[in-house]
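Novice: Have a look; sequence and predicted model below, questions after that.
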Amino acid sequence: MQPQPAKPPSVKASSSDYEMVITRLTIDKLGVKLYDSVSAVVAELIANSYDADARDVRVSLPLNTELAHRVHGKVEDRGHQIQIVDDGHGMAPEEAIEHYLKVGKDRRAAGGSGAYSRELRRPVMGRKGIGKLAPFGICRSVEVLSSGGPKTEQGYLTTHFVMEYDSIVQASEEPARFAPGPLDRKYRPTHGTTIRLQDFQPKRVPNEETFHRQLARRFVFARPDFRVLVQDNSASSVHERVLDPMDIPVLESTKIDVSTRPVPGPEGESLPVRGWLALARNAYQNEEMAGVRIYARGKIVATTRDFERPAGFTGEFSMRSYLVGMVEAEWLDEDAGDDLIRTDRQGILWESDRGRALREWGARLIREIASISREPQRERKRQIFLERSSLEAVAKERFADLEVRTAALDLGKRIGGFAAEDELSDGTYVEDLREVILSLAPHKALIDAFAEFAKRTGAEGATIQSIAELFGKARVAEMASYAQLASERVRAITELEKIVDVEADEAQLQDLIARAPWLVEPTWTVISTNQGLKNFKREFEKYWKKEHHSEVVLAIGHETKRPDFTLVEIGGLLHIVEIKRAGHAFDDDDCLRLLNYAEAFDTFLDQNPEIKVHFPRGYMIDLVADSENVKQPNNRRALKELRDNQRLKRVTWAEFLSRTRKAHEALLDVRDRVEAIAGSRKK
């Protein structure tokens, strides 16, 4: 049976003070600590308006703005204001005193203002009676101006007071009293409530799109009789934008309607839910779209990316990067029974009986979505890889044989679908994977030819022609492998010659060495970047920043920032390549910098034995510099010690180029002849 509408409280004109009994600890725990973002605070005030039967709520605030800033340890307010205005039934003074200013009073319990709104019979969102403290998470002054109660000839009786943070957070448990404002107990022609926030903490209001997302995710807008309009009061425009529900593009083939999937609860209960779960079309673009939002009474109560499943389950990465949805579970916030929602309404009690039931229900759905999404995910990764790697275009440029190109594309589709999804945005990873595929393509074409040969010889026997075709494919595979290696090395050497000729800066040289480390030592043939090298790079960069409060960039591939060193691991020895431009003399400043890094390398490796074990032969600094001009005796001794301990080796650019050219003499001769022929044809 539907409960009867709550009667508006009787209103008596009284001189009672507006007061609140509260301790400093309560304010800190229930206001400042729980609601530390602008959107969270505004959402609480919107919920109050909804419960007050408002049809329109207007939020005015300065978007994309710092509300206050800290100068010399002190907070300086910038004079901004956030205002929430609604057309709800409002509060007369006695109602504010009896209900609004009673912190922690359960509005749905006996003596409260009811579990349903007064006029529109909405299931109210509020329950714990602490939402009015939310603004103190971002500001120190909250003005309340509300007109309500029975309509009289003069209009609606008005409540007006200002809650000051400093007046509330006092050590005593005496009531915090708020003096009436100039409009208090006067009449206004319309009912409704205005909340003004001022005197802010150093908080930032995000830009328009982010703020709308943050606010929209907190509510289910299922009622046509409720609107939220947002206006940027820092702009000259008076444009208001209606807050719309979140719209997340999903893979429709993975979408599950949960309305027919009730949660099996304890003691044989069947707990109804509404909503859906699916995989997003793209990985999370922002924090607001991440995970499954769980609602009760139209307001968010939790967000989960995995329904609290422990790490290591099948499809974990995809679920935690793509799983989205919205689930309405009214039984999480029933008027009677246990309260299953955390105080900040950002989590539920997962260890409760119903919480565990919801967790197990969600785990089953995750397994189902993982199963039906496997092929769509692979297809998506396949397309991402083919697009970002330009595999088809590069294969066409590199291989004249159509069947080898076809084999490359087929391999790309297969391997790309199983690629590490989180690394497909890494250009180096995609390029390395493409090169592996192109290296394998001629051999796959050969294997395909063997299969075709076996099929044909099984039916009609081997012919001279079929054997010749098979050996032709083998030759193609062999020559393609050699040609690819030769082409890559010639391109790198040619690029190196050009860079040295123009005396380019170290950044270009470091980038080239990261891509072709064999230029430093022709015997270096790095198959791939191993995990030990990646760990060293990542952890040493963090260590250096912590110790020296500056950044160092170590390159193991292409870097967007200018690298300081290039790392190569050969046979258990970590090579740290330091390059100075052609003609540069390695001087005392360079020496001090290098010695600081050498000391840091030693200390870091000693402090991190789990990383050091990957380099049993230690490390070597490979310095490429034309000459030395180190004058300080201490620096000279330190350099000698590094050399004596086989921690430093220097080569000049002349030696560097000579050694590289000699090792690849035959390839360069072919290049020079081809260029000469091409030049003569142009003439």
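Specialist: Noted; the coordinates are in hand. Numbers count the residues shown, from 1 in each chain.
Novice: hang on, Val430 packs against Ser389?
Specialist: Yes: in this structure, Val430 is within contact of Ser389 by C-beta atoms under 8 Å, at 5.0 Å. Using the backbone N, CA and C atoms, a C-beta is placed for each residue, glycine as well.
Novice: If you count surrounding residues, which of these two has more?
Specialist: Comparing Val430 with Ser389 by other C-beta atoms under 10 Å, the one with more neighbours is Ser389, at 25 against 21.
Novice: Quick one: residues contacting that one.
Specialist: Contacts for Ser389 (C-beta atoms under 8 Å, 6 or more residues apart in numbering) come out as Gly412, Gly416, Val430, Glu431, Leu433, Arg434.
Novice: could you say which helix or strand contains the third one?
Specialist: Secondary structure assigned from DSSP states H and E places Val430 in helix 427-460.
Novice: what does the first one give?
Specialist: With the criterion set as DSSP H and E, the secondary-structure element containing Gly412 is helix 402-417.
Novice: Now do that helix: distance to the chain's middle.
Specialist: Taking C-alpha atoms, centre = their mean, to the nearest Å, one finds helix 402-417 lying 32 Å from the centre of the chain it belongs to.
Novice: Next, the contact list for Arg434, please.
Specialist: By C-beta under 8 Å, 6+ apart, Arg434 lies in contact with Ser389, Ser390, Leu391, Val394, Gly412.
Novice: Chain neighbours aside, what residue packs nearest to the last one?
Specialist: Right, Gly412. Distances taken as C-beta to C-beta, 6 or more residues apart in numbering place Leu391 nearest to Gly412, at 4.4 Å, with adjacent residues excluded.
Novice: hang on, isn't the one you found packed against Ala407?
Specialist: No: counting by C-beta under 8 Å, Leu391 does not reach Ala407; the two are 11.5 Å apart.
Novice: tilt between the strand or helix carrying Glu375 and helix 402-417?
Specialist: Here Glu375, judged by DSSP H and E, is contained in helix 353-389. Counting by axes from the mean of the first three to the mean of the last three C-alpha atoms, to 10 degrees, helix 353-389 lies at 160 degrees to helix 402-417.
Novice: Tell me the helix or strand right after helix 353-389.
Specialist: Heading C-terminal from helix 353-389 (DSSP H and E), you reach helix 391-398.
Novice: tilt between that next one and helix 402-417?
Specialist: Between helix 391-398 and helix 402-417, the angle formed by their directions is 150 degrees, by the same axes, to 10 degrees.
Novice: Quick one: the contacts of Arg434 as TSV, columns for pLDDT and distance to Glu288 too.
Specialist: Formatted as TSV, those follow (pLDDT from 0 to 100; distance: C-beta to C-beta, whole Å):
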residue	pLDDT	distance to Glu288
Ser389	93	31
Ser390	93	33
Leu391	94	35
Val394	92	38
Gly412	90	34
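Novice: Can you flag the buried ones in these?
Specialist: Among these, those classed as buried by 16 or more other C-beta atoms under 10 Å are Ser389, Leu391, Val394, Gly412.
Novice: Ser253: neighbour count?
Specialist: 11.
Novice: Apart from its chain neighbours, what residue comes closest to it?
Specialist: Excluding its sequence neighbours, the residue lying closest to Ser253 (C-beta to C-beta, 6+ apart) is Pro376, at 5.6 Å.
Novice: so the one you found makes contact with Glu252?
Specialist: No: the criterion here is C-beta under 8 Å, and Pro376 misses it with Glu252 at 9.5 Å.
Novice: More neighbours: the two, which one.
Specialist: Pro376 (15 against 10).
Novice: Skipping its backbone neighbours, what lies nearest Leu67 in space?
Specialist: Phe200 (3.7 Å).
Novice: so the one you found makes contact with His80?
Specialist: Yes: Phe200 is in contact with His80 according to C-beta under 8 Å; the separation is 6.4 Å.
Novice: Need the overlap of contacts for these two.
Specialist: Common neighbours of Phe200 and His80 (C-beta under 8 Å, 6+ apart) are Leu67, Ala68.
Novice: Between these two, point out the one with more neighbours.
Specialist: Per other C-beta under 10 Å, whichever of Phe200 and His80 has more neighbours is Phe200, with 26 against 19.
Novice: Now for the residue nearest to Gly412: which residues touch it?
Specialist: Neighbours of Leu391 in contact, by C-beta under 8 Å, 6+ apart: Phe385, Ala408, Leu409, Gly412, Arg434, Ile437, Leu438.
Novice: Now do the first one against Pro376, distance only.
Specialist: This points to Phe385. 15 Å (C-beta to C-beta, to the nearest Å).
Novice: swap in the fifth one?
Specialist: Here the criterion is C-beta to C-beta. By it, Arg434 lies 23 Å from Pro376.
Novice: Same check on the third one?
Specialist: Leu409 is 21 Å from Pro376, where distance means C-beta to C-beta.
Novice: Quick check: phi and psi on Val75?
Specialist: When read as degrees, to the nearest 10, the backbone of Val75 gives phi -90, psi 130.
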